[in-house]
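A.B. asks: here's a sequence, model it:
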Amino acid sequence: MPHLALYNFNNFRVPSQEPANQGFHDRNDVNFAAAELSEGFVARSGHPDEPGPQSWGEQVYPRFHVENGDGWAPATLSLWRDLPALFAFSYAGIHAEALRHARQWFDRQASPPYVLWWVEEGHVPDWREGVERLEHLHDHGPSPHAFDFKRPFDPAGSPTTVDQEAVRRCREANERAQVLLTDPV
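C.D. replies: Numbers count the residues shown, from 1 in each chain. Next up is the predicted model:
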């Protein structure tokens, strides 16, 4: 059974440790916890030199990275069961609350903020693969190689839609699982 890979990337407007980014940092751990409790979550990469899961290779950034003097930019790499599970996590609950504040922390960018692609079960994508897929989506638009929720593809490479009834079921399961997590704001 294939898994859905997600790589997302953003540039902070100011260096990471500036007070303007505190809301992002305050939400970081609870968002990771919410993801790990979510229906359809498979695994995520950690970051080098940080506690948590092992990093899936050397962390690299796409050519869209803007250096703010701290050598860092927010990026995640994870695996999910399917499109509805990832959609439900991304656009509901704790993570959706964080998305509503994204413009406070991140530059508006011409590049896509995330990319999706299918991998064979057992394959663990590394950071370079995520960067390559994001740049491919930017350069060539959605395809089975690299896509987004607006124009998704199924594991066989055919255009598809996100099953909203499955999203609803995942969202409800996530709400039950995440009830004990505290929203930082």
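
A.B. asks: confirm Leu86 sits in a helix?
C.D. replies: Yes. Assessed with DSSP: H, G, I helix; E, B strand; the rest coil, Leu86 lies in a helix.

A.B. asks: wait, what's in contact with it?
C.D. replies: Applying Cβ atoms under 8 Å, 6 or more residues apart in numbering to Leu86 gives the contacts Leu4, Leu6, Gly40, Trp80, Leu116. For every residue, glycine as well, the C-beta is placed using N, CA and C.

A.B. asks: one more time with 10 Å
C.D. replies: 4-6, 35, 38-42, 78-80, 114, 116, 149, 162, 167, 170 (Cβ atoms under 10 Å, 6 or more residues apart in numbering).

A.B. asks: just Gly69 next, same as before
C.D. replies: Taking Cβ under 10 Å, 6+ apart as the criterion, Gly69 is in contact with Val14, Pro15, Ser16.

A.B. asks: strands of the chain, residue ranges please.
C.D. replies: In the chain, the segments counted as strands under DSSP state E are 3-9, 41-44, 75-80, 114-119.

A.B. asks: so which of these comes closest to Val66?
C.D. replies: Evaluated over the strands of the chain, closeness to Val66 peaks at strand 3-9, with 10.9 Å, by Cβ to Cβ.

A.B. asks: and the angle from the closest one to strand 114-119?
C.D. replies: For strand 3-9 against strand 114-119, the angle by axes from the mean of the first three to the mean of the last three Cα atoms, to 10 degrees is 160 degrees.
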